[in-house]
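# Have a look at this prediction, sequence included:
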Amino acid sequence: MKTSALFLVVAFVLLSFVGLAVAKEMSGEVIAVDAVKGMLTLKSGSVDAEIDCETGSIIKDVKVGDHVTVEYKEEGGKKVATKVTPMHMKPKSGY
């Protein structure tokens with residue numbers, strides 16, 4: 001009984017950390033798009049990040065100047081997008 005409980009606790013802790021390591025997210029402005037190569041360059045704060053979108057189909061409607069959130073995973077030292085979602089920006093009021 002104690003062994004089963006210990007196993008479940010250890011499994012839960014490990015799975016929690018694996019989930020954190022796998023799923024990452026970055027938001028920012030698109031500064032370059034290459035749908036043919038499946039590459040997206042995102043400016044987030046002072047960092048420019050190049051993100052591999054593998055198929056390119058997830059960025060077919062993305063254009064330079066769009067603000068997006070990219071969910072990605074790290075593979076072989078590069079960021080590989082799993083999802084690209086447009087951000088809806090609030091209009092600026094200019095009084």
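Right, received. Where do you want to start?
# low-scoring stretches of this structure, by residue?
Low-confidence segments of the chain, defined by pLDDT under 70, are located at 1-2, 4-22, 89-95.
# So for this protein, the centremost residue is which one?
Centroid check for the chain by C-alpha atoms, centre = their mean gives Glu71 as the closest residue, at 2.2 Å.
# close enough to count as contact, that one and Ile51?
No: the pair Glu71 / Ile51 is not scored as a contact, 10.2 Å apart, by C-beta atoms under 8 Å. Heads up, the C-betas are built off the backbone N, CA and C, glycines and all.
# what residues do these two have in common as contacts?
Ala81 (C-beta atoms under 8 Å, 6 or more residues apart in numbering).
# Work out for me the element the residue nearest to the centre of the chain sits within.
In this assignment (DSSP states H and E), Glu71 forms part of strand 67-75.
# what packs against the next helix or strand after that strand?
On the C-terminal side of strand 67-75, the closest following helix or strand by DSSP H and E is strand 78-86. For strand 78-86, the packing partners by 3 or more C-beta pairs under 8 Å, 6 or more residues apart in numbering; DSSP states H and E come out as strand 47-52, strand 67-75.
# okay, the angle between strand 78-86 and strand 47-52?
100 degrees (axes from the mean of the first three to the mean of the last three C-alpha atoms, to 10 degrees).
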